[in-house]
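[1] this one's structure only:
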């Protein structure tokens, strides 16, 4: 057990990690606003900004967010879901959207260089992720059984794991194929949202979340957030059928906003939670 000062430092570190996760999306928000004012238009999705002058901020924001989601520790299922969300966020950042269109504008040598750079990034992240999982297994008391404390937990864990295996399979296939990494960016973005939903769903039925605790989230708030996230998918279909060009852009920020609110609730709930040093 650490001293009071060490415990305070640990708690302050967690506070700033939570605050950073609330603030990081502002990097891209500010860049998009400035881009829109200067160019008089809004792109059709957040990913489209990868191809413009906001590329560096897009990549920096997603990678930084991904790393923080991975290092943040929570309850077993929440921690697993946030680890997956961080994993997917990094690939959404490193694998370009509409890579095929970009490659078509390059010389054969330029195409090879771009493909090789993406392949190197993908395999580097996979290797580091494997090492991280191994270290986590060796240095913590974590056990797969800790994810199976309820039927809901078992179901969410199974679905998340199957989707993870499928994504890694797609990633390896596209990397070995070495063409345009079709589907990888959008799969990573979709699974990022799914994992954020699982992290919120992990709070349902938690006995340690008291309905009378107004400092943070209540069970009903988590349930409403999940319903609103699901309605976002319906909203995307409706807006698309209506011919709204920025339908995906609107829904992406809608989903990010909901998760940001969830993170705000968690930050309030755990603000004074004692940290072990």
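    Nice, thanks for sending it over. Note that this is a predicted model, so its numbers are computed, not measured. Numbering: from 1, shown residues only.
[2] Show me what counts as buried in the helix or strand harbouring residue 173.
    Assessed by DSSP states H and E, residue 173 sits inside helix 151-177. In terms of neighbour count (16 or more other Cβ atoms under 10 Å), helix 151-177 has its buried residues at 153, 156-157, 160, 163-164, 167, 170-171, 174-175. Any C-beta I mention is one placed from the backbone N, CA and C, and that applies to glycine too.
[3] Stretch 177-190 now?
    180-181, 184-190.
[4] Name the residues that touch that stretch?
    47, 88-89, 91-92, 95-97, 99-100, 103, 115, 118-119, 167, 170-171, 174-175, 252 (Cβ atoms under 8 Å, 6 or more residues apart in numbering).
[5] go with 7 Å
    The contact list for stretch 177-190 (Cβ atoms under 7 Å, 6 or more residues apart in numbering) reads 47, 88, 91-92, 95-97, 99-100, 103, 115, 118-119, 167, 170-171, 174.
[6] so what does the strand or helix carrying residue 265 touch, helix or strand wise?
    In the assignment (DSSP H and E), residue 265 maps to helix 247-269. Helices and strands touching helix 247-269, by 3 or more Cβ pairs under 7 Å, 6 or more residues apart in numbering; DSSP states H and E, are helix 4-23, helix 184-201, helix 219-241.
[7] Tell me which of these lies nearest to residue 58.
    Closest approach to residue 58 among the helices and strands packed on helix 247-269 is made by helix 184-201 (11.5 Å; Cβ to Cβ).
[8] Now do the closest one against helix 219-241, angle only.
    150 degrees (axes from the mean of the first three to the mean of the last three Cα atoms, to 10 degrees).
[9] tell me the angle of helix 184-201 relative to helix 151-177?
    170 degrees.
[10] can you give me the offset of stretch 44-52 from its chain's centre?
    17 Å (Cα atoms, centre = their mean, to the nearest Å).
[11] which residues touch that stretch?
    32, 35, 43, 58, 96-98, 102, 185, 189, 245-246, 248-249, 252.
[12] Please apply the same query to stretch 26-33.
    Here stretch 26-33 makes contact (Cβ under 7 Å, 6+ apart) with 49, 54, 57-58, 60-61.
[13] which of those count as buried?
    49, 54, 57-58, 61.
[14] how about the residues you listed in JSON lines, adding pLDDT?
    Formatted as JSON lines, those follow (pLDDT from 0 to 100):
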{"residue": "49", "pLDDT": "75"}
{"residue": "54", "pLDDT": "74"}
{"residue": "57", "pLDDT": "80"}
{"residue": "58", "pLDDT": "81"}
{"residue": "61", "pLDDT": "85"}
